[in-house]
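A.B. asks: Task: produce atomic coordinates for the following.
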Amino acid sequence: MTAHLQPIPRSGAPFDGQPLAGSADLWFDEVLVRHRDDPTTRKPLAACTPKEQSRLSQRRADICGISMDHPRIMGVLNVTPDSFSDGGDHATLDAAVARARQMAQDVDILDIGGESTRPGADEVPVAEEIRRTSNVIAAIRDAGIATPISIDTRKSSVAEAALDAGANMVNDVAAFTFDPDLADLVAERDVPVCLMHAQGRPETMQNDPRYDDVLFDVMDFLTDRIAFATSRGIARERIVTDPGIGFGKTLEHNVTLLRNLSLLHDLGLPILLGVSRKRFIGTIGQAAEAKDRMAGSLAIALHGIQNGAQILRVHDTFETRQAIRLQQAMIKRES
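C.D. replies: Numbers count the residues shown, from 1 in each chain. Purely as a prediction, here's the structure:
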């Protein structure tokens, strides 16, 4: 059975090991050796093969021209009436462009979505999703906002219209399982894509989700989807991974994945973490309303950075940028 290597992240002086996934500030000198059916063991970095060391330590490829050597922010801009946190907030072109302009001061990527994927959400017709997203993307570009844009969609037709309107990246919560033709579009346009793990579809994904082992099941899924993507002509360096916190997972599943987030570095690709305002934060932090979960969202975002996540997908962009600046000042590598 294949073992996975989980680097143990460290920060601060002395920098005594290898950089974690090319990070300017995080490093590691030990790994956990994880097996699905055997006990976890620990070994020093020096005992890893050169190939293993490279996979865990090499700097990840730039995404949308943005280096992955320090944390990046992806700002959420949902143009939907029913998203769990900000549904209806940006329903007009003027409101969406105004929010995009505001977020562009703090984010590295804007993520535009026209279909809610909250638990229980119904599928949106393609034509309606295109109407919601492509018009907004075109308006953002017409307003002179040059920040890279990701289109959050599972559908090739929606992604095509968004890319034509000025988007630069695809964020597929279904990792090409909903619409395999989306992989061909990504390959043809040679744009980055984020592949996320999800169990089931939004309509039913929270109906008693179960796993044999959530860590290994997520890793196996992402490994398979990466292989599918490359088989369809997508360059490996164009791929970002996402464990899919909250997508077909219980609170315990989410916490297990977050505690072991650094395991995803064994895939050798950038990690996107989307936890902003999600239900498990409200459950643990006792905040029933999504917009009351900013403090908890920041706590998990900083945990993600400490474990080497390169991209944070968030709603509260100004506050997240401020928190990251403070954290980076504390862990900055001393020369």
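A.B. asks: Just give me the neighbour total for the residue nearest to Ala235 when sequence neighbours are not counted.
C.D. replies: Closest residue to Ala235 apart from its sequence neighbours, by C-beta to C-beta, 6 or more residues apart in numbering: Asp190 at 7.2 Å. All C-beta atoms are positioned from the backbone trio N, CA, C, and that covers glycine. Using other C-beta atoms under 10 Å, the number of residues around Asp190 comes to 10.
A.B. asks: pretty sure Asp190 is touching Arg238, no?
C.D. replies: Yes. Counting by C-beta atoms under 8 Å, Asp190 sits close enough to Arg238 to count as a contact (7.0 Å).
A.B. asks: Surely Gly65 touches Thr147?
C.D. replies: No. With contact taken as C-beta under 8 Å, Gly65 and Thr147 are classed as non-touching, separated by 11.2 Å.
A.B. asks: Which one of those two is surrounded by more residues?
C.D. replies: Set side by side, Gly65 and Thr147 show more neighbours around Thr147, with 18 against 9, by other C-beta under 10 Å.
A.B. asks: And the residue nearest to Gln306 when sequence neighbours are not counted, how close does it get to Arg55?
C.D. replies: In space, Gln306 comes closest to Pro9 once its chain neighbours are excluded; the distance is 6.2 Å by C-beta to C-beta, 6+ apart. As judged by C-beta to C-beta, to the nearest Å, Pro9 and Arg55 stand 15 Å apart.
A.B. asks: got it, and Ala290?
C.D. replies: According to C-beta to C-beta, Ala290 stands 37 Å off from Arg55.
A.B. asks: Compare those two (neighbour count), which wins?
C.D. replies: A count of neighbours by other C-beta under 10 Å puts Ala290 above the other of Ala290 and Arg55, at 21 against 18.
A.B. asks: do you know how far that one is from Val136?
C.D. replies: If you go by C-beta to C-beta, the gap between Ala290 and Val136 works out to 21 Å.
A.B. asks: what do you get for Ala288?
C.D. replies: Separation of Ala288 from Val136 (C-beta to C-beta): 30 Å.
A.B. asks: go on, Gly274?
C.D. replies: In this view, Gly274 and Val136 are 20 Å apart by C-beta to C-beta.
A.B. asks: what ranges do the helices span in the stretch 1-150 of the chain?
C.D. replies: 50-57, 93-103, 126-142 (DSSP state H, counting those that start in this stretch).
A.B. asks: Is Leu272 in a helix, a strand, or coil?
C.D. replies: Following DSSP: H, G, I helix; E, B strand; the rest coil, the label given to Leu272 is strand.
A.B. asks: and it, how far is that from Ile300?
C.D. replies: When distance is defined by C-beta to C-beta, Leu272 is 14 Å away from Ile300.
A.B. asks: In terms of secondary structure, what does the lengthiest strand in the chain contact?
C.D. replies: For the chain, the strand with the greatest residue count under DSSP state E is strand 72-78. Here strand 72-78 touches helix 93-103, strand 109-113, strand 311-314, helix 317-331, going by 3 or more C-beta pairs under 8 Å, 6 or more residues apart in numbering; DSSP states H and E.
A.B. asks: Give me the contact list for the longest one.
C.D. replies: Think helix 317-331. By C-beta atoms under 8 Å, 6 or more residues apart in numbering, the list of residues contacting helix 317-331 from outside reads 11-12, 25-26, 70-71, 73, 75, 103, 105-107, 294, 297-298, 301-302, 305-306, 312, 314.
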